[in-house]
Each structure stands twice: as structure tokens, then as C-alpha cells.
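Q: Just the structure for this:
(2 chains)
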Amino acid sequence: MKTIDFQIRRQDDPYSPPYWQSFSIPYRNGHNVVSALMIIRENPITQEGHHVDPVAWEFNCMEEVCGACSMVINGHPRQACSTLVDTLEQPIRLEPLSKFPVIRDLMVDRSRIFSDLKKVRAWIEIDGAWDIHQGAPRVSPEAWKDNYLYSRCMSCGCCMEACPQYGDTEDFVGPASLAAVRLMNAHPTGQYHKTQRLHAIMAEGGLSDCGNAQNCVRVCPKEIPLTTAIGELGRQITLQMMKDLLGKSE
Amino acid sequence: MKRPRKVIIIGGGLGGLWSALRVAEAGFQVDLFSLFEVKRSHSVCAQGGINACFDTKGERDSIWQHTVDTLKGGAYLANQPPVKSMCEEAPGLIHTFERMGVTFSRTAEGLMDLRLFGGVKNRRTVFAGASTGQQLLYGVDQEVRRQESLGRIRKFEWWEFLSLVLDGQDTCKGITAMNLRTLEIKSFRADAVILATGGMGQTYGHRSTNSTNSTGAAACRVYQQGAWFANTEFFQFHPTAMLGDDKTRLMSEAARGEGGRIWVPQDPEDTRRPTEIPEQDRFYFLESWFPSYGNTVPRDVASRAIWRVVHEMGLGVGGEHKVYLDLTHLNPGFIEQRLHAILDIYRKFHGADPVHEPMEIYPSAHYAMGGLWVDFEKDVSSGGMKPGSQRNHATNIPGLYACGECDYGYHGANRLGANSLLSASFSGRVAGEAVAAYLKGLQDDLQTVPEYKYLNEVARQQAINQSLMDSRGEENPYALHHELGELMSSRVGVVRDNDVLRQAIDDLSELEERSLRINLQETNSWSNQGLAYTRQLQEMIRLGRVIAASALARDECRGAHYKPALDLTIPENTYPGDPAYEKYREAWKRQNKDWLKTTIASAGETGPVISYQPVDLSVLSPEEPRDYR
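A: Residues are numbered from 1 along each chain as shown, chains lettered A, B, ... in the order given. Below is the predicted model:
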């Protein structure tokens, strides 16, 4: 019988050592990594025939839009739901993202992504979420086209996993948070607080930590031009530094 | 010093985050609970857009027309004052999203662009590519993060809501919740609770477009504690979902709005590739049956038409349950820009390119029009909903509010496309404001609620967990969920029959019993996903019974609820004024007299107890039947 074979890195809790287990499921056309993991959890028996605890992993939308199911698949950080089994070499090796603390098995704690978004002030300052009885400024279709690319970032963590500078002992906020600054700085009223955001990424853990390896842009499942954003921010920061030197504020 | 009033919000999708903002802005402390990081909520899956009348396409669109389309599209079942307010406030709401930084698609002049959606004749849908829900959620998520950094909102991510804590007067004074990592169950005091827990599509299992966390479990838990469900028999089947074994993935209605056509080969045995089948050998059944609206008929109409073509006429592609959704005649550059996100999903999951090859689609469980019953206060002067009233979005349990897909508010018997992002956002905003009003009028001190109320509820929940962990039955929760999905989609689905529904209710009771004889197959109690899953599964089965019982009780066809034996069809080739049509109109009005009422389901000893409430029809009197021909 044709099978799909997996090697999965297991870890029972954050403090216990990792170990590997192998599983096989019957081949079926169209399986993705999440649908295959669902088959395994229904009947978690290893290739050796041992009954083990089901594999824990995170998933939700299964349409590659929520960002939940990131993991390292055959050495590459990807969304498990949109990774079709037929495109992979077997045995398929599944590991948790290595740049975040493991919770259990393939689940990791990505809360740092969201605290970094706070650090770089990735929001537009509005007086309140009420109606102000007037429209917001217009946006040119060209500017929209560029901005829309960045607004699809789902905080999945793949770019951070691939980045040599991002790590659990480093402060670097990583490519996604930088791209968020690029997006917010381009908003018609978001520009008003550009200086604050630039200062946030001029501090430790900011843009200067980028080593320009360009791995991020290669792994982003949404094909976000992260390195373009980083380049643009470099120019914005140069201007900001000159303004800061001359004592001018916006 | 007086303690600041505290509000617990459960769910971090559009409804939950909007309500969190409005409660925090009113100066109250918010604790926001979610099963996962809020940014991953199911709102991100909405694709096509959000409706608001801007009339920037020279079509003389109006807010009144938006209101009429929504009420009529819902077969007049929605209470009308809230719908009126929602449509009136939609443009202002969109402008607020713009201010938050949402990247709406633009025209050459830099205005928000509009696209066509189903059940309407004017372009009224603003959108951000084909990932509108994602963009809207991120906009509000950013603002919530800002409030979080100011200390006004605290997040409890990876916590699952289990139950309400009620005081001696049965007023909601807090919740119990389970930490999904440690499985610890704790109680939390609150002066008010807002449930914004989204849809219940997982009741239809893998035959749904919903995310795996959209189980309806939270709503079902408060139902068992006394909250009412309303109109749960109205479940929307989205006509155009990708086929799939693990889930059916949504292909936005925007695909039809932008010019996509639905067809089948005239001969189901036709073995040619779809692109090689000439026009004369194709059957564009929507265009043929509904020449006026064509491919953009409302979803319930489109789903039933597909059902008819496949099941009654035997014309499914290759004899299977599927039809074509065709974009190949459209300009590739245009559709790439407007629909990139969904084209990408199809390419990634199906391996074919919709630009060159028609997509294969079939209807799938998509959206619950019904949900928790919520109140509203009518504003006599405007005819809409009274702004700032504490009755708006209040459930029948004092202190408990509901908003978003988990309530039943705005869509009647069928939701129009691109009205869900609107109702989720609008209802969240209204619920947040209502809770602020409720708290301002609140006299009692939260600390006077005796501690044992909380301890007892925690103990009850711990006992449920323990019995599941100890259970060594023979049932597998994942296999049971699969059975539930098959049962619900085949017997409580697009087409319904009373005998089949009765059988389904019996089978659901049996399924519920089996779900108590479970084997979790797992010893590790750290981040044990099977336990939470099984508890949700039990709720989904109970919810299935509520849906089926409500469906059995309603003996008519209305919107998404369809019993062929009771169908009143418009006589062919007749129009208003024709005697045959007028006879039909009379029959339709008699049916409204009997059935134009809200279904209420409350939890009884042996199952759901069904009763009815009148519908507020003060905005648009039901004189015109739905007619999309």
C-alpha cells in the first residue's frame, strides 16, 4: 500500500527534551500537511506500532490566511495547510519553529511577535473608533498597490524563522515588524507619527540589526517584499537622523 | 476607592475587537478572552468585501436601497429597526476603518472602489483585494493593541470560555475559563460579559467553509445556562466553495460579482476539458433561470439552483457533485488584481489556475443567520435602533451581551454577501456602547457576589474535565465529529424534509450519548488538545439538535430554510399584475401571517423548547415577495 511517511519532532512540554517519532498514513490524493496530521491524531500509532499521545499543533483557517499553522517542513518554514504532500520529499520531516519557545510538539509561543508590534507602534493614532462624519484622505491606486502587499502580513513567523539575526536571545524585532512600520508610515495620517516609529526602530533591536541575508523575502508565504520595506526604511532613517542632528522635529 | 467596572469580552474577531474598543473608550477595563491569538480569528477568512452605500458609480444607489435589499434578501425575517440603523451607519463605519489604516482598493481618483455582490443591482461593496476580512480585522487589531499598550485592555489568549457565573438574581457576574496550556480552570469576576464567539460552521464538520475553531460551543454553553437561541434553522450554504476532504474552501462571491459565470456541460458524460466545450454545449443555468440577476442571485437561490442541477437534473460535472465557476473569459490582469487572494488559494490547494481553467465548486455550510437572541430598543423618532441604549444586543440573561455571527440580529432568513463584515463590525460597536450604558446605570458592587458562586462553577467544570480524562469508552471524538458533519450536511442541509429531520434528531441524541463514552487516547494533561476538542464536540452535537428542532418546527420555505413539500413557487412567466402572480402573492401573504415570526429555542429538560416572537416590520411592510428572475 502506498503511504505518506512522517518524521515528527515531539516535545511533551516546554521543559522536557525533544524526541522523534515516525508515522505513516495511507496515501490519498490532495493531502496537505494539516489534513495528514488530522489523520494521525485520529489514530496516533507510530510506524513501530506504539500507541502514543496525539501530536499537538496549531491550525485554524486552513486557507493560509490566519497564520496559525507555521512549522518547519523538510527544513523550510511554511504554512502547513497550504503545503501539499505531493510536492514534498518523504519522509516528511516536521519540526516546530526554532526561534520561538516550544509549548508542545509543533506548537510554539509566538507572543513576542505581538509585543514587538507594540514596540514599533504599528498602529494609526485615531481619536476613537467613532464616526467623525467625514472621509479619510484619498489614496492613489499606485500607493494602494504597494501598501496592500504589506497589509497581508499574518504574523506567521516564517520570516523570523529564516532570519539569521532573529533569535530567542536577540532583541531584533525581525522583518515583519519592520514591514509594519513601512506600512503605517505610508498611511496619510499615519505619517504624522512617523518619527516615533522610526525612533523605535533606530533603537536597539531595530533596523541596524538586519544583516541583509534576504532570507525573509524568500520564505514569506504571502510574497511580501520585506527587503524592499527594509530598504525604504533605511532611507527614511537616514533622513530622520539628519533631522535629529539638526534638531528639527516634524 | 471604588473599583473600576470591568467587562469580559469573549472572542477576538471583528465583533469582539470592536466592542472592546468602544468599552475601553468609555473608560471601563476590558479583559479580552480568546482561544488563540486574536489576529488569527475567523474574520480573516471573509474575502469579497463589506457593504456600505457610497453611490460613487453613478447608479443612484441609496441607503434606503441597501436597507430594502437586506430586508428582502433576508425574506423579511429580521427585525427592521436594527437593519435600518446598520445600513445608515455603514458609510461612517467604513470611514473609521479607513482612518485605522485599512487598505481599501482604490479607483483612479483615489476613492474607495466598489464592486457588485449578490442579491443587489448596484455596486455597493468596498473591498481590499479579495482579503477584505483580513484587512478589516487587522485594522481593529492594531487599535486594540494600542489600547493594550495604554493598559485599558488586557488579553487572555489561549483561554477557553466554559460557563457564565450568575448571581442570586441570575444576572451575569463573570465567567469560568480554561487555560488551554495548563488546563487549569479559573473564575473571573466581571460586571458584564460580551460573547463575540463567531459562527458555528463546524457543526457541519468538514463540509463547512469555517475555521476549525468556529464551533459555536461558547454560544451553546450559555444557551444551556438559560440564554435563548433564535432562528438557528437558517444556515447559509455558500454556493461556491472549493471541494476538499479536510474542509471546503470559500471562493468569494466577488468572483461572480466581477463577472464569473456558473455552468455545467449540457451532457454530464462530456469528457472534454471544460475549456474545449463550446458555448452551445454549456448550460449557464443561473443566467437562464434568473435573467435579471443572472450569476449574482443571492446565495440561498444560487445554492438551491446548483442543488437542483446536480440532484434533480443529474447534470453535475462528470456525474459528481460539482459545477463550474468560470473566470477564464475575463481579463487575466484585471481578475489578478481584484481577486488575487482567492485565485491563490485555488492554485495552492487545487493545483490548477482559475485564470486558464474553470474552478470546480459546490455549496457548503458557511454562515449562521441564527444565533443567540438579542434585544434592541427602537428609537421612535428615527424608526431605527436607539443609539446608546443598554437594551441593544443584550441577551435574555441580564449582564450578558452578544454580537457578531454568534447573535441572530441582521440577516433574517438569508444573509446577503458582504453584509457579514458589516454586521460583525456594527454589532460589535453597538454592543460595546450598550454595555457602557448598562454599567453607568449599574448600582450593585461586584464584590458582594459571594465567592461560593464562583467556586461552585469552577468545581462543576473541573468535574466535566475529570470525567472526560477518566473516560475509557470506545468512541473516538474525531470520528464522531466526522459523523456529525455528514449527518448535518445531508439531513439538515440545503433541502429539508420533516421525516428526515425527525430521524436526524434521534440520531443526534444517540450521537450525544456516544460522545459521553469517549476515549481521549491521551495521558499528557499539558496542552491537551483532545480534551478541549471533545468538550466542543459535545456542544456542537447539542447545537445540531437545536438547529434540527428549529428546522422541523418551521413548516414553510423561507430564505435558506427550504422544504420542497411546502414550496410556493412563482408561476412561470407571470409578473406583478398578472392574475396568477397576484394569486401567488396572496398565498405568500397567508404564509407570512402564519410564519413570519422569530423562532426562539430555549434549553428544556429533554431538549430544545421552541416558541415564537413577532418580527418588528415597521420599516418595510412585506408586500413584495423576493423575485430575482
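Q: give me the number of residues near residue A:20?
A: 11 (other CB atoms under 10 Å in any protein chain shown). For every residue, glycine as well, the C-beta is placed using N, CA and C.
Q: Dump the C-alpha coordinates for the helix or strand where it lies into PDB.
A: Per DSSP states H and E: residue A:20 is located in strand A:19-26. Output in PDB follows, covering the C-alpha atoms of strand A:19-26 (Å, rounded to 0.1, in the frame of the first residue of the first chain):
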ATOM      1  CA  TYR A  19      12.500  13.300  20.600                       C
ATOM      2  CA  TRP A  20      11.500  12.000  17.200                       C
ATOM      3  CA  GLN A  21       8.600   9.700  16.100                       C
ATOM      4  CA  SER A  22       7.700   8.300  12.700                       C
ATOM      5  CA  PHE A  23       4.200   7.900  11.400                       C
ATOM      6  CA  SER A  24       2.600   6.500   8.200                       C
ATOM      7  CA  ILE A  25      -0.800   7.100   6.800                       C
ATOM      8  CA  PRO A  26      -2.400   5.700   3.700                       C
END
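Q: That one: what's the following helix or strand?
A: Where DSSP H and E defines the elements, the next helix or strand beyond strand A:19-26 is helix A:33-42.
Q: got the angle for that following helix vs strand A:19-26?
A: 100 degrees (axes from the mean of the first three to the mean of the last three CA atoms, to 10 degrees).
Q: Counting by contacts, list what the next helix or strand along the chain from helix A:33-42 packs against.
A: Note on helix A:33-42: by DSSP H and E, the next helix or strand toward the C-terminus is strand A:70-73. The contact analysis (3 or more CB pairs under 8 Å, 6 or more residues apart in numbering or on different chains; DSSP states H and E) places strand A:70-73 against strand A:76-79, strand A:92-95, helix A:158-162.
Q: tell me which residues of the last one are tucked away?
A: Of the residues in helix A:158-162, those scored as buried under the neighbour-count criterion (16 or more other CB atoms under 10 Å in any protein chain shown) are A:158-162.
Q: biggest strand in chain B, by residue count?
A: Within chain B, and with DSSP state E defining each element, the longest strand by residue count is strand B:359-368.
Q: So which elements touch the helix or strand that it is followed by?
A: As assigned by DSSP H and E, the chain's next helix or strand after strand B:359-368 is strand B:371-372. Counting by 3+ CB pairs under 8 Å, 6+ apart, the packing neighbours recorded for strand B:371-372 are helix B:217-224, strand B:229-230.
Q: picking that back up, return the distance of the strand holding residue A:20 from the chain's centre.
A: In terms of CA atoms, centre = their mean, to the nearest Å, the centre of strand A:19-26 is found 26 Å from the chain centre.
Q: What pairs with it, parallel or antiparallel?
A: With DSSP bridges as the test, strand A:19-26 is paired with strand A:3-10 (antiparallel).
Q: Now the strand it pairs with - C-alpha only, PDB.
A: C-alpha atoms of strand A:3-10 as PDB (Å, rounded to 0.1, in the frame of the first residue of the first chain):
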ATOM      1  CA  THR A   3       1.800   5.600   2.200                       C
ATOM      2  CA  ILE A   4       2.700   9.000   3.300                       C
ATOM      3  CA  ASP A   5       5.600   8.900   5.900                       C
ATOM      4  CA  PHE A   6       6.300  11.400   8.500                       C
ATOM      5  CA  GLN A   7       9.100  12.100  11.000                       C
ATOM      6  CA  ILE A   8       7.800  14.400  13.700                       C
ATOM      7  CA  ARG A   9       9.800  16.100  16.300                       C
ATOM      8  CA  ARG A  10       7.900  15.700  19.600                       C
END
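Q: Show me the contact partners of that strand.
A: A:18-27, A:31, A:36, A:40, A:47, A:55, A:85, A:90-96, A:105-106 (CB atoms under 8 Å, 6 or more residues apart in numbering or on different chains).
Q: now do stretch B:215-227
A: B:10-11, B:161-164, B:166, B:170, B:195, B:197, B:199-200, B:202-203, B:229, B:368, B:371-373, B:395-397, B:400, B:402, B:406, B:535-537, B:539-540, B:542-543, B:546, B:601-603.
Q: List only buried entries from these.
A: B:10-11, B:161-164, B:166, B:195, B:197, B:199-200, B:202-203, B:229, B:368, B:371-373, B:395, B:397, B:400, B:402, B:406, B:535-537, B:539-540, B:542-543, B:546, B:601-603.
Q: How many residues are close by residue B:128?
A: 29.
Q: what's the following helix or strand after the longest helix along chain B?
A: Ordering each helix of chain B by length in residues (DSSP state H) puts helix B:529-553 first. Counting by DSSP H and E, the next helix or strand C-terminal to helix B:529-553 is helix B:579-595.
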